[in-house]
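> got a predicted structure plus its sequence, pasted below:
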Number of protein chains: 2
Amino acid sequence: MSPNSKEVEILSIGTELLLGNIINTNSQWISEQLSILGLNHFRQSTVGDNCDRIIKVIQEISKRSNLLITTGGLGPTPDDLTNEAIAKSFNVSLYERPYLWEEIKQKLSNSNLKDDSSSLRKQCFFPKNAQIINNPRGTAPGMIWEPIKGFTILTFPGVPSEMKTMWEETAFKFIKTKFSNSYSFFSNTLKFAGIGESSVAEKINDLLNLQNPTVAPYANLGEVKLRITAKAKNDLEAEKIIKPVKEKLKKEFSKFIFGENEDTLPSVLIKELAKRKETIVFAESCTGGLLSSSITSISGSSQVFKGSIVSYSNELKNSLLNISDEKLTKYGAVSTQVCEDMAINAKKKLGADWAIAISGIAGPYGGSKDKPVGLVYISISGPNNHITNIKKIFNSTRNRIEIQTLSVNVSLNSLRLILLSDSK
Amino acid sequence: MSPNSKEVEILSIGTELLLGNIINTNSQWISEQLSILGLNHFRQSTVGDNCDRIIKVIQEISKRSNLLITTGGLGPTPDDLTNEAIAKSFNVSLYERPYLWEEIKQKLSNSNLKDDSSSLRKQCFFPKNAQIINNPRGTAPGMIWEPIKGFTILTFPGVPSEMKTMWEETAFKFIKTKFSNSYSFFSNTLKFAGIGESSVAEKINDLLNLQNPTVAPYANLGEVKLRITAKAKNDLEAEKIIKPVKEKLKKEFSKFIFGENEDTLPSVLIKELAKRKETIVFAESCTGGLLSSSITSISGSSQVFKGSIVSYSNELKNSLLNISDEKLTKYGAVSTQVCEDMAINAKKKLGADWAIAISGIAGPYGGSKDKPVGLVYISISGPNNHITNIKKIFNSTRNRIEIQTLSVNVSLNSLRLILLSDSK
């Protein structure tokens, strides 16, 4: 095989994964690392703590790949079978490394662990010519072993913190030297709001077939992302590859793109308001604090966010936000009229440059024919006392949490667009 | 194969999984469902959006298993290849189902999506004798298809909410009828607050080795669960197996157990306050709306929750909650004195039976030697004007979101314990 076609697989070992007791975060973390190293990673497998099944999978993988990363099954209990299964897969025996046993006893005496140490002795057995991966955060070492020419196995414990430290201190360098090509992958993610995944994908059909860089769309509730990935020798070369595609996308989608990489709608708004030295407050009804929480989840929000009134009951809409009983009776709490007053009065009472008010029906109860579940009013009041009123009817299949989340997203994105058109 | 040895596998399809862009939560959720159904689930695989590789894995699985659950690759974009790959795996063609196309157009016209619908047409193509799994929360349907005798495939979109609804509404019953053995697994989950996972596990070491029922601990941020699982022919038999263990646990942990199964701290509190016909309001500083949001995420919260003041700035602590400037200067916003006043004044001003106030330092900035990041004050004011003040210092390794989440949990659990000791 040419060095360019070296293939890597991940094998997660643990019955708790098959029972759904835990989420496989290790695979995601290692996958990300393999991306950074620019390796060809085409397949992942998960099996339980069963020696025969582990052997079967390892033998399959040894026939089609060059590097196997395993996690789990290195501990002291009877269902920790990884080393045994790997040795059996290639008909070799395990031998004790006495110095590892000394190390483990040393680690135990340094810690407060009251473990009966004899069971840990199992962790010192490895194939004869395996190289040990030190485990600075635990007692179970891993190994680097090439059982047959062109196929190498690296083993890690299932405990994420141990696995990551061993990867960073030993494995990363080994893999980079032995398996990484001279190029790596570099990514740049553009983030969209106010447009659906399929609309984005349709407009850039040509770009989705590019080879270098590749362009791939991802979607979450109310958020679409395009990831541009370049295969390059270094940052500079990657930037050159990514730049023209990024420029094209920015031109095509202009204001639908709210940010890049780690940006979120709240983080982008906080940055923009801070730049303008302007402050913001909220009056929330159906979102019940979620809008405030989305802003205050970001460190630095206190620069621009002063506070909110969550007026969930009509009584508090009246007493805290001065919405008259007449208006509440005539139009109902879920109406442009009330929502607009909530924004205007919140801005005045809480003393800020901007105010967003949200009133709607998050469901699943409380809807009517005229005002169905999913109907949401949003009002934004700005420094010049100009008011923007938005009416949304979210799809009736949306649940309560989704309607609340989408309402927050639409509010934040609407403010972003207002700030854009009113840029200072 | 005997009906008892029917084997199920999960195949996750999506390059974003191999790149480490997203965590595979779908596999965990489906694994849990398969456990509940008592099915033999021995292996999981993940492949990217590559037709040849998907075909290869599906053909392998079809030779060793009876049921394959796939997630991902059902969408409208060119890299959504699941249906095509499945058909090619068994040398059949895909045919359009015109009624599905009508349904999709209907769904689009009901929503505000301005998506150009033509790309969605792809989602209407299925093998001739496949049964459709309706997707009430999205546009991409799944299918149930038996391409060869003894091997059935069920397909689901990668979007978790769509996948789960389709599973619950269609797939669960199909699998239970066709693939489940004469016995099933029945679970009952006890939920704990105010106690750590290791403390729970230590006290019940004997129970962790039981065979039927089994007892397994799980932990999330600020929440510990014990799942008691019985293997039984029916509900009644399962209840008999579970009951003695459950009773023992309830006796051992008494008030540390806040609920069962779907219960959450907010849902349990809403139920209890509704029973007592009492109302609640909040004054939030460092949690910035998260406490309010945790309550209003639950349908029915309007029965007891009236609203909140999120007084993020000191200015609003003064103007909305009447905290005197002297107090803010003398003790600082993060102090028992200010937090207590926030609770008392919120209760008075917003007019409720109960008020919770939270003030703290969520970080990562703003900490000092005297008041480190992680320091949080909580005050609870009740109907008899009795005040409970709590001071917490969360571990310095906790990030902002964790400190906010743990503060909300401690607040809710403290109120729960007060209500318990003051039961009506």
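Looks like it came in fine.
> quick check: closest non-adjacent residue to residue A:322.
residue A:345 (5.1 Å; Cβ to Cβ, 6 or more residues apart in numbering or on different chains). No exception for glycine: its C-beta is placed from N, CA and C like everyone else's.
> roughly how far does that neighbour sit from residue A:280?
To residue A:280, residue A:345 is 15 Å away according to Cβ to Cβ, to the nearest Å.
> neighbour count winner among these two?
Higher neighbour count among residue A:345 and residue A:280: residue A:280, with 25 against 20, using other Cβ atoms under 10 Å in any protein chain shown.
> ok, now how distant is the more buried one from residue A:358?
In terms of Cβ to Cβ, residue A:280 sits 13 Å off from residue A:358.
> same for the one helix or strand residue A:419 maps to, what does it pack against?
If you go by DSSP states H and E, residue A:419 is part of helix A:400-421. Applying 3 or more Cβ pairs under 8 Å, 6 or more residues apart in numbering or on different chains; DSSP states H and E, we find helix A:400-421 packed against helix A:265-276, helix A:290-296, strand A:354-360, strand A:375-381, strand A:387-393.
> what parts of the stretch 301-424 of chain A come near chain B?
Contact residues (Cβ under 8 Å from any Cβ of the partner chain) of the stretch 301-424 of chain A with chain B: A:301-302, A:305-313, A:315-316, A:319-320, A:349-351, A:362-365, A:392-402, A:404.
> buried only: go through these for me.
Among those, the ones that count as buried by 16 or more other Cβ atoms under 10 Å in any protein chain shown are A:301-302, A:305-313, A:315-316, A:319-320, A:349-351, A:362-363, A:392-395, A:397-402, A:404.
> which of these fall within strands?
Under the assignment DSSP state E, these contribute A:305, A:306, A:307, A:308, A:309, A:310, A:311, A:392, A:393 to strands.
> low pLDDT regions in the stretch 251-400 of chain A?
Filtered on pLDDT under 70, the stretch 251-400 of chain A yields no residues whatsoever.
> on that earlier part again, could you give the angle of the helix holding residue A:419 to strand A:375-381?
In terms of direction (axes from the mean of the first three to the mean of the last three Cα atoms, to 10 degrees), helix A:400-421 departs from strand A:375-381 by 30 degrees.
> re earlier: now, the most widely separated pair of the ones in strands among the buried ones among the residues of the stretch 301-424 of chain A next to chain B?
Greatest spatial distance among those (Cβ to Cβ): A:306 and A:393, at 30.9 Å.
> distance-wise, check the residue lying closest to residue A:237 once chain neighbours are set aside relative to residue A:6.
When the adjacent residues along the chain are set aside, residue A:237 lies closest to residue A:230, with 7.7 Å between them (Cβ to Cβ, 6+ apart). Distance of residue A:230 to residue A:6, computed by Cβ to Cβ: 20 Å.
> looking at the two, which is more packed in?
Counted by other Cβ under 10 Å, residue A:230 and residue A:6 do not tie: residue A:230 has more neighbours, with 22 against 18.
> tell me, how many neighbours does residue A:334 end up with?
Residues near residue A:334, counting by other Cβ under 10 Å: 20.
> tell me the secondary structure at it.
Of the three states, residue A:334 takes coil under DSSP: H, G, I helix; E, B strand; the rest coil.
> pretty sure it contacts residue A:375?
Yes: at 6.3 Å, residue A:334 counts as touching residue A:375 under the criterion of Cβ atoms under 8 Å.
> identify the contacts common to these two.
Applying Cβ atoms under 8 Å, 6 or more residues apart in numbering or on different chains, one finds that residue A:334 and residue A:375 are jointly contacted by A:360, A:361.
> buried sites along the helix holding residue A:419?
Neighbour-count burial for helix A:400-421 flags A:400-417, A:419 (criterion: 16+ other Cβ under 10 Å).
> ok, now stretch A:158-169?
For stretch A:158-169, a neighbour-count test (16+ other Cβ under 10 Å) marks A:158, A:159, A:162, A:163, A:164, A:165, A:166, A:167 as buried.
> which of the residues you listed fall in helices?
A:162, A:163, A:164, A:165, A:166 (DSSP state H).
> any chance of those residues in JSON lines, plus pLDDT and distance to residue B:61?
Below are those laid out as JSON lines (pLDDT from 0 to 100; distance: Cβ to Cβ, whole Å):
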{"residue": "A:162", "pLDDT": "90", "distance to residue B:61": "32"}
{"residue": "A:163", "pLDDT": "95", "distance to residue B:61": "27"}
{"residue": "A:164", "pLDDT": "93", "distance to residue B:61": "31"}
{"residue": "A:165", "pLDDT": "92", "distance to residue B:61": "35"}
{"residue": "A:166", "pLDDT": "96", "distance to residue B:61": "32"}
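> return the member of these nearest to chain B.
In terms of Cβ to the nearest Cβ, no member of those lies closer to chain B than residue A:164, at 12.9 Å.
> quick one: secondary structure of the closest residue to the closest one other than its chain neighbours?
Excluding its sequence neighbours, the residue lying closest to residue A:164 (Cβ to Cβ, 6+ apart) is residue A:29, at 6.7 Å. Three-state call for residue A:29 (three-state DSSP): helix.
> can you list the residue ranges for strands in the stretch 51-200 of chain A?
A:67-71, A:95-96, A:125-126, A:131-133, A:142-148, A:151-156, A:184-192 (DSSP state E, counting those that start in this stretch).
> right, and those - which one's nearest residue B:251?
Comparing the strands of the stretch 51-200 of chain A by Cβ to Cβ, strand A:67-71 comes nearest, at 38.6 Å.
> now the closest one: average pLDDT?
When pLDDT is averaged over strand A:67-71, the result is 98.
> quick one: is it near chain B?
No: for strand A:67-71, no contact with chain B is found by Cβ under 8 Å from any Cβ; the gap never falls below 12.4 Å.
> what does that strand contact?
A:6-14, A:26-27, A:30, A:39, A:58, A:61-62, A:82, A:86, A:151-158, A:163, A:175, A:179.
> that strand pairs with which strands?
According to DSSP bridges, strand A:67-71 forms sheet pairs with strand A:7-13 (parallel), strand A:151-156 (parallel).
> ok, back up a step: roughly how far out does whichever strand or helix holds the residue nearest to residue A:237 sit from the chain middle?
Taking DSSP H and E as the definition, one finds residue A:230 inside strand A:223-232. Distance, stretch centre to chain centre, for strand A:223-232: 14 Å (Cα atoms, centre = their mean, to the nearest Å).
> that strand versus helix A:400-421: what angle between them?
Strand A:223-232 and helix A:400-421 are oriented at 70 degrees to each other (the same axes, to 10 degrees).
> which elements pack onto strand A:223-232?
Counting contacts by 3+ Cβ pairs under 8 Å, 6+ apart, strand A:223-232 packs against strand A:184-192, helix A:197-203, strand A:214-220, helix A:235-253.
> what about 6 Å?
Secondary-structure packing of strand A:223-232 (3 or more Cβ pairs under 6 Å, 6 or more residues apart in numbering or on different chains; DSSP states H and E): strand A:184-192, strand A:214-220, helix A:235-253.
> partners of the second one in the sheet?
Looking at strand A:214-220 with DSSP bridges, its partner strands are strand A:223-232 (antiparallel).
> count the neighbours of residue A:290 for me.
Using other Cβ under 10 Å, residue A:290 has 27 neighbouring residues.
> who's in contact with the closest residue to it other than its chain neighbours?
Excluding its sequence neighbours, the residue lying closest to residue A:290 (Cβ to Cβ, 6+ apart) is residue B:293, at 4.5 Å. Shown in contact with residue B:293 (Cβ atoms under 6 Å, 6 or more residues apart in numbering or on different chains): A:288, A:289, A:290, A:293.
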